[in-house]
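Engineer: Below is the sequence, then the predicted model.
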Amino acid sequence: MTCQYYTTPIYYVNAKPHLGHAYTSIAADVATRFKKMEGADTFFLTGTDEHGDKIVQAAEKENTTPKAYADKISKLFQDVLPLLNIENNHFIRTTDPGHIEVVKSVLATIYDKGDIYFSSYEGIYCFGCERFYQERELVDGKCPDHGTVPETIKESNYFFKMSKYQDWLIEHIETHPDFIRPEQYRKELLSFLKEPLEDLCISRPKTRLTWGITLPFDEDYVTYVWFDALVNYITALGYPDGDRFKKFWPTTRHFVAKDIIKPHGIYWPIMLKAAGIDIYNGLNVHGFWNVQGSKMSKSIGNVTDPVEVTGRFGVDAFRYFLMREMVFGLDANFTEDVIVARINSDLANDLGNLFSRVLSMNYKYFKGSIQGPAADSDKDLSLEPEATAALEAYTKAMAECRFHKALASVWELVSAMNKYIVANEPWALAKDPARTGDLGTVLYELLEGIRFVAGLIWPVMPETSGKIIAALGLELPEKGFFNLDAIRPWGQIPRGISLAKPQILFPRVDVEKKAVEPPAAKPLKPALKEEITIDDFSKIDLRAGKILSAERIEKSDKLLKLQVNLGTQTRQIVAGIGKSYTPEDVVGKEVIVVANLKPVKLMGELSEGMVLAASVKKNLVLSGFNGSPKPGCPIK
RNA sequence: GGCGACGUAGCUCAGAUGGUCAGAGCAUGCGGCUCAUAUCCGCAGUGUCCGGGGUUCAAUUCCCUGCGUCGCUACCA
């Protein structure tokens, strides 16, 4: 029996689940369900990543412990799974005691082998902020927050010798075309690997972070993210001795979004190699969902809640939309218009209406009783070739994670059936008693086609699949799904049984409200940031300034060092306008200055403020006045 | 700035070792049917396949370059 192990990333518990999480999980779920239909033994893992500084801070904000905070958010991720009809075999948490043990043992193995070394480096550290600073971040050599002079301290950490395995990894990727799919991401990783890899810092001293897994070879350090998180994939299978590990690990494919291909495509295989563990089979990389044409982000306020969308449109419609609309690997756009269009045209009009018209005719003409093909049936009436063709195309596409194509193939069958009805005009056959046999055949062929469709859509729309099967008077197999081979044989629906009047599978989503609404203004590009109050705005101190002098900063093609007169004082401001202006251009210009911006060092030069400029594609256009205000006067 | 991806009908996007590769769905217009969730079926389109060079008998498809969008990264302020 073939096996298949699929995983989603473990989701970081710093925010609740959004559309992107839902997509990855649903894609992995669909792939898993499909493998089951092929007869494979599957294991599907998802979970949460719970250690690290951000969690400590978030917990402090809520006046609770990191563990309690992680419990709370992790539960949100667990609770969303049944709502999305995701059938995971296990849910792993990086705070699970078993996981912690495996992380330690993997680290110990690599340490013993000599691929982890201890190294110290000097850095400038502010004890108030509990963090290192780069030279350029300091203001007059002082911490920008505390105004104190940070201390130069030596910190030591453990490093993992990734560089040692770089050539091996390149070789592996080049000789395994399926290791990273789709192809564009394989190219991308190979291009990363053209540069020498730096060794990976894998620890944090406990003086700085305690919410983590203690290193097995040094009590004073905890792991920093990489080993802590990635190792979950083997923990969940019972590494090192579990039967599941032996059985499933070689078949592993990780589903990840494109932003985390480096840790998964570079760090993780090298970690496994160093630990003497066979590496996984490969990575399935998908793109991002944009919402209303913009990247999802808290500040824009377009973070989409999958629970809310599911509540409005239904879980099957949501799953269908995600799988049908996105080309796996590429970005896609999520807007209400698009999902409504998909639901109405594909689900309500094409499939739902097909189901409705066929069962209605069967009810109307035969009181619901299934006739079956007439003995003297004309072979030309068979829909089997179309159904078989759909199944073949669907199977091929699903195996390659080309979910949109797989569904399109099924819809070709749906469309063929709608054409078949028009071509054969059952309503005309019904008027001619001599042609009752043909009518029975036509309806039977259609019912069989619908049975086929119900089977093929099961991975994506399990609820609908079950509804249709039930409406056809069939029973789902014990395991709850059809094997592909069980779907294939044509003519399975028993004759003589009676079917009820059809229900509505997918109601059309009414969009009339939209038409009544006044046409919405086109969103600004880039998308508008989060709304602020006048109080927020008043925190920004804008002043009129006059540029007294300007010079280029060496080695920078973008930065100009300006001396700006603000009336009673002259400020040095470093501005990134060097591509659009020469120093001569700007001397004498009157500009708007953000006067209370925290000073920073850029390329070693102090910048005490910011001059405002319009950003026109790659060019900047300096702000100015309609007149000549006194330098230093406030702007409101 | 560096690296990478992408740029194809009004919209969303497929597509090919270079030669029926100029496509699908949606939206639009017209026609048909009446079993059906005012659903379905048929017909009709429009495209310098981002611009410019190059390789070739032949390029939308390969190479170079420019522009634009996006992602990662960097000296974003």
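Structural biologist: Now that the structure is in, tell me what you want to look at. Numbers count the residues shown, from 1 in each chain, chains lettered A, B, ... in the order given.

Engineer: How about the contacts made by residue A:120?
Structural biologist: Residues in contact with residue A:120 (Cβ atoms under 8 Å, 6 or more residues apart in numbering) are A:154-157. Heads up, the C-betas are built off the backbone N, CA and C, glycines and all.

Engineer: ok, the stretch of helix or strand it belongs to: who's next to it in the sheet?
Structural biologist: Secondary structure from DSSP states H and E places residue A:120 in strand A:116-126. Strands adjacent to strand A:116-126 in the sheet, as given by DSSP bridges, are strand A:131-133 (antiparallel), strand A:151-160 (antiparallel).

Engineer: So which of these is nearest residue A:631?
Structural biologist: Using Cβ to Cβ as the measure, strand A:131-133 is the one of the strands paired with strand A:116-126 that comes nearest residue A:631, at 32.7 Å.

Engineer: Could I get the phi/psi values of the closest residue to RNA strand B within chain A?
Structural biologist: Scanning chain A for the residue nearest RNA strand B gives residue A:352, at 1.7 Å (criterion: Cβ to the nearest atom of the strand). Dihedral pair for residue A:352: phi -60, psi -50, per degrees, to the nearest 10.

Engineer: try the one 10 residues further on
Structural biologist: Note on residue A:362: backbone dihedrals following degrees, to the nearest 10 are phi -60, psi -40.

Engineer: what's the neighbour count on residue A:157?
Structural biologist: By the criterion of other Cβ atoms under 10 Å, residue A:157 has 16 neighbours.

Engineer: Return the residues in contact with it.
Structural biologist: Residue A:157 neighbours (Cβ under 8 Å, 6+ apart): A:118-121, A:201-205, A:221.

Engineer: Now with 7 Å, please.
Structural biologist: Shown here is residue A:157, whose contacts under the criterion Cβ atoms under 7 Å, 6 or more residues apart in numbering are A:119, A:201, A:203.

Engineer: Please tell me I have it right and the last one contacts residue A:226.
Structural biologist: No. With contact defined as Cβ atoms under 7 Å, residue A:203 does not reach residue A:226; the gap is 10.0 Å.

Engineer: Comparing those two, which shows the higher neighbour count?
Structural biologist: residue A:203 (24 against 17).

Engineer: Next, the contact list for that one, please.
Structural biologist: A:157-158, A:215, A:221-224.

Engineer: next one: residue A:40
Structural biologist: By Cβ under 7 Å, 6+ apart, residue A:40 lies in contact with A:1-4.

Engineer: Could you see whether RNA strand B lies near the one helix or strand residue A:184 maps to?
Structural biologist: Under the criterion of DSSP H and E, residue A:184 resides in helix A:183-192. Yes. Contact of helix A:183-192 with RNA strand B (Cβ under 7 Å from any atom of the strand) involves A:184, A:187-188, A:191-192.

Engineer: Report the separation between residue A:6 and residue A:401.
Structural biologist: Going from residue A:6 to residue A:401 by Cβ to Cβ, to the nearest Å gives 10 Å.

Engineer: any common contacting residues for these two?
Structural biologist: Between them, residue A:6 and residue A:401 share these contacting residues under Cβ under 7 Å, 6+ apart: residue A:31.

Engineer: shaky segments in the stretch 101-250 of chain A?
Structural biologist: Residues of the stretch 101-250 of chain A that meet the criterion pLDDT under 70 lie in A:127-147.

Engineer: Tell me which stretches of it form helices.
Structural biologist: Under the criterion DSSP state H, counting those that start in this stretch, the stretch 101-250 of chain A contains helices at A:166-175, A:183-192, A:226-230, A:232-235, A:243-248.

Engineer: Now do the first one and helix A:183-192, the angle between them.
Structural biologist: Same thing as helix A:166-175. 160 degrees (axes from the mean of the first three to the mean of the last three Cα atoms, to 10 degrees).

Engineer: Return the set of buried residues in helix A:166-175.
Structural biologist: For helix A:166-175, the neighbour count (16 or more other Cβ atoms under 10 Å) marks A:169, A:173 as buried.

Engineer: What lies in contact with that helix?
Structural biologist: Contacts for helix A:166-175 (Cβ under 7 Å, 6+ apart): A:179-180, A:186, A:189-190, A:193, A:197, A:266, A:269-270, A:273.

Engineer: Just the buried ones from those residues, in ChimeraX syntax?
Structural biologist: Of the contacts of helix A:166-175, the buried ones go into a single ChimeraX selection, burial set by 16+ other Cβ under 10 Å:
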select /A:179,180,186,189,193,197,266,269,270,273
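
Engineer: Kindly indicate which of the contacts of helix A:166-175 lies nearest residue A:553.
Structural biologist: Nearest to residue A:553 among the contacts of helix A:166-175, counting by Cβ to Cβ, is residue A:197 at 31.4 Å.

Engineer: residues in contact with the closest one?
Structural biologist: A:162-163, A:166.

Engineer: Need the pLDDT of the residue lying closest to residue A:252 once chain neighbours are set aside.
Structural biologist: Of all residues not flanking residue A:252 in the chain, residue A:280 sits nearest, at 3.8 Å (Cβ to Cβ, 6 or more residues apart in numbering). The predicted local confidence for residue A:280 comes out at a pLDDT of 93.

Engineer: Neighbours of residue A:280, how many?
Structural biologist: 21.

Engineer: I'd like the distance between it and residue A:59.
Structural biologist: 33 Å.

Engineer: And for residue A:180?
Structural biologist: Applying Cβ to Cβ, the value for residue A:180 to residue A:59 is 36 Å.
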